[in-house]
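Colleague: here is a sequence together with a model predicted from it:
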Amino acid sequence: MSATAQEIEPHQLFDTILTLDFGSQYTHLITRRLRELNVYSEMLPCTQKLADLTWKPAGVILSGGPYSVYEDGAPHVDPAYFELGVPILGICYGMQEIAYRSNATNVIAGTAREYGHADLQAKKVDGFVDRLFEGLEGNMKVWMSHGDKLAKLPEDFHVIASTQNSEYAAIAHQTKDIYCLQFHPEVTHTINGVQLLKNFAVGICKAQQNWTMAKFVDQEIARIRTLVGETGQVLGAVSGGVDSTVAAKLMKEAIGDRFHAVLVNNGVMRLNECEQVQKTLTEHLGINLIVADASKLFLDGLKGITDPEQKRKFIGGTFIDVFEAEAKKIEDAAANSPKAGKINFFLQGTLYPDVIESISFKGPSATIKTHHNVGGLPKRMTEGQGLKLIEPLRELFKDEVRDLGRQLGIAHDLVMRHPFPGPGIAIRVLGEVTPERVEMARKADNIFISMIREAGLYDKIGQAFAALDPSRAVGVMGDKRVYENIVLLRAVETTDFMTCNPFPFEHEFLVRVSTRIVNEVQGVCRVAYDYTSKPPGTIELE
Ligand SMILES: Nc1ncnc2c1ncn2[C@@H]1O[C@H](COP(=O)(O)OP(=O)(O)OP(=O)(O)O)[C@@H](O)[C@H]1O
Ligand SMILES: O=c1[nH]c(=O)c2[nH+]cn([C@@H]3O[C@H](COP(=O)(O)O)[C@@H](O)[C@H]3O)c2[nH]1
Ligand SMILES: NC(=O)CC[C@H](N)C(=O)O
Ligand SMILES: [Mg+2]
C-alpha cells in the first residue's frame, strides 16, 4: 500500500460528538467528560464550516465563550449545522447563540452577573421530565458563569429547568432535538453534570459508548501500517518519558524493526537515565534503542548561556542536528543490505492538549516559554528531507496515553513516570549551566525522588524534582565556614500540568530530605522547598 493511502481517523470509526469552541476556558472539559463516558468527542473552532467537515458527527455541542452574541465581531455558528439532522446542545454562550439566531432581541445584557453556584430545579413538561434531565428530577446544584441572559423564551422552545435568578436555566425545542443550558455541565462544580452530558450524548444522540483504549490500539496499529506502507522506515525520538515510550511501543507493534528509536544523551539527563531507559526499552518492550551520545556537544554549547529562552532554543536546535545525523547513520549502515532504504517518517508524541492549543478559537496563548519540542517542527527534517510526521497520540489526553500504555503491556513504573522536559536539568540549573552544577542538581534530584518513592508518595505527585540555584549562601559544616549552592525542591499536584499546587509534604519528610542532600551533595549547603502554585509560578523554574 502506498504512503498516501487514505488514513482512517477515530471520528470515522466511533460515534463522535463534535464540540464547537467559542473560546470558553472549559471547552476542552466537555471533550474530556464525554471521553470519560467512553463516548468519542473532538473539539473544533466555532468557525468550522459544516461543508468542510469530512465526517458526520452524532451530535453537536456549542460551547461557552467570552463574547456577547449581540456585539459586533462576536462569533456565530454556521447555520448549516441546524439542517444536519443531529441533536444540538448549546452551553452558556452556545445557548445564547441559539436564542439569538431565533430572534436577535432574545438575548440581552443581564443586570447582574451570575457567577458560581445556583440551585436548579428541573421542570416537568406535560407531566414528563425532559429527556435531557432524565434521572435528575428535583433539585440539583449547578455552576453558572455569565453576564448576558435570555430576555424571553425563543419561539417553539419550552423551559425545562430554572433557578432563582435564571428563569431560562435550561430550555428545549418542542419538536426538534435542540437543547440549551445556561450553566456549565462540564465543570465538576455542577453536581450530576456528567449525567446531563451522558443523557445528551448517549440518550439523545444515541452515541455508542465504545471509545476504549483497547479498540484504539487495534485501529491505530492498522492506521500506522496503512500510512507507512510495507517498506517505509520510521525514526522516533524516544526519551523514556510516557508519551514517547507509548508511541514507540505502538510503532514497534505496527512495523517491527522498520522503526528506529533514538535517545539523545544531551548531557543534562538524570542520574543513570540513558542506561536505564535503554535497558528497560530493550528488555521489556523489545525496542532496539539507539543512544546517541551528544553530551559534549550540548554541554559545550551551553557554556556562557544564562538566558532561559536561549538555553531552550539552543537545545531544541541541537536535538534536530543530532537526529538528522542519526537518520543518515542508520541509512548508511543499512545500505546494500536487505534493510536498505530511506527513512521517510518521523514519530512524534504530540498530545491532544497541544493540538487544542493550536486550533482553539482563541488562538495559541502567549508564549511563556518555548517548549524545546523536537516537535517544534523541525522544518528541515519534515520538509527538507521529505520526512512525514506520524503522531499516534495526537487525539489523546495524558491519562488516556497512560491507559493506552497499560493496554500495550507497558510496566506500571514506566506508565506512571513523572514528565521530564526535553531540556532536562539545563532548565533546572538557574543561570549558566556547567557540568559541576548539573552534577549537583542530578545528585540532589536522585536523593529527593528516591526518598519520595520509598515514602510511597511517587504516584500521588504529578511531578517532582530538585533544581539548583547557584547563587551561594553561607553555612557552617564541620566547624568550618562554607559558602555554597542552594537546592530548590519542587513537587506539585496537578492533573493537566496547566495549573498546579505545591504538594503538601509532612514537615519531617522535608527535613530528612534536606539533611541527606546537604550531607551527600558536595557544594550544597542549603535546601528550600518551593511553595508556589501555577499560576503565578510555572512548574519548571525556567
Ligand atoms: N533526550 C531525548 N532523546 C530523544 N528524544 C527526546 C529526548 N527528550 C525529549 N525527546 C522527544 O521530545 C518529545 C517531547 O518531550 P516530552 O518530555 O514532552 O515527552 P516525553 O518525554 O515522551 O514524555 P513526558 O512528557 O512524560 O516526559 C518526546 O516525546 C521525545 O520525542
Ligand atoms: O518536553 C518538554 N520540553 C520543554 O521544553 C518543557 N518545558 C516544560 N515542560 C514540561 O511541561 C509541563 C509544564 O511546565 P511549565 O509549567 O514549566 O511550563 C511540565 O511537566 C514541564 O516539565 C517541558 N517539556
Ligand atoms: N460562559 C459563557 O459562555 C458566557 C457567555 C456570555 N459571554 C455571558 O457573559 O453571558
Ligand atoms: Mg520527557
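Modeller: Nice, thanks for sending it over. Ligands and ions are numbered 1, 2, ... in the order given.
Colleague: residue 90 should be in a helix, yeah?
Modeller: No. Secondary structure of residue 90 (DSSP: H, G, I helix; E, B strand; the rest coil): strand, not part of a helix.
Colleague: so what's it up against?
Modeller: By CB atoms under 8 Å, 6 or more residues apart in numbering, the contact set of residue 90 is 61-62, 96-98, 178-181. For every residue, glycine as well, the C-beta is placed using N, CA and C.
Colleague: cool, residue 251 as well?
Modeller: Neighbours of residue 251 in contact, by CB under 8 Å, 6+ apart: 224, 234, 236, 259, 347, 390, 392.
Colleague: hmm, 6 Å instead?
Modeller: 259, 347 (CB atoms under 6 Å, 6 or more residues apart in numbering).
Colleague: next, it: secondary structure please.
Modeller: Residue 251 - assigned by three-state DSSP - is helix.
Colleague: inside strands: which ones of the contacts of residue 90?
Modeller: 61-62, 178-181 (DSSP state E).
Colleague: tell me the pLDDT of residue 128.
Modeller: You'll see residue 128 listed with a pLDDT of 75.
Colleague: look up the residues forming beta bridges with it.
Modeller: Here residue 128 sits in beta bridges with residue 125, going by DSSP bridges.
Colleague: residues making contact with the helix or strand where residue 438 lies?
Modeller: Assigned by DSSP states H and E, residue 438 belongs to helix 435-454. The list of residues contacting helix 435-454 from outside it, by CB under 6 Å, 6+ apart, reads 268, 271, 299, 425, 428-429, 458, 464-466, 468, 470, 487, 489, 513, 516-517, 521, 523-524.
Colleague: flag the shaky bits of the stretch 251-400 of the chain, pLDDT-wise.
Modeller: 358-367, 372-386 (pLDDT under 70).
Colleague: where does the residue nearest the centre of the chain land in three-state SS?
Modeller: Nearest residue to the geometric centre of the chain (CA atoms, centre = their mean): residue 353, 3.6 Å. Here residue 353 takes the helix state, with states given by three-state DSSP.
Colleague: sec struct for the closest residue to ligand 2 within the stretch 201-350 of the chain, please.
Modeller: In the stretch 201-350 of the chain, the residue that lies nearest ligand 2 is residue 312 (5.7 Å; CB to the nearest ligand atom). Classification of residue 312 using three-state DSSP returns helix.
Colleague: I'd guessed it sits against residue 371; true?
Modeller: No. Under the contact definition of CB atoms under 6 Å, residue 312 does not touch residue 371, with a separation of 7.6 Å.
Colleague: so which of the two has more stuff around it?
Modeller: residue 312 (23 against 16; other CB atoms under 10 Å).
Colleague: how about that one: what's its closest non-neighbour residue?
Modeller: residue 370 (4.8 Å; CB to CB, 6 or more residues apart in numbering).
Colleague: wait, doesn't that neighbour sit right on residue 310?
Modeller: No. Between residue 370 and residue 310 there is no contact under CB under 6 Å: 9.9 Å.
Colleague: these two: which is more packed in?
Modeller: Comparing residue 370 with residue 310 by other CB under 10 Å, the one with more neighbours is residue 370, at 16 against 13.
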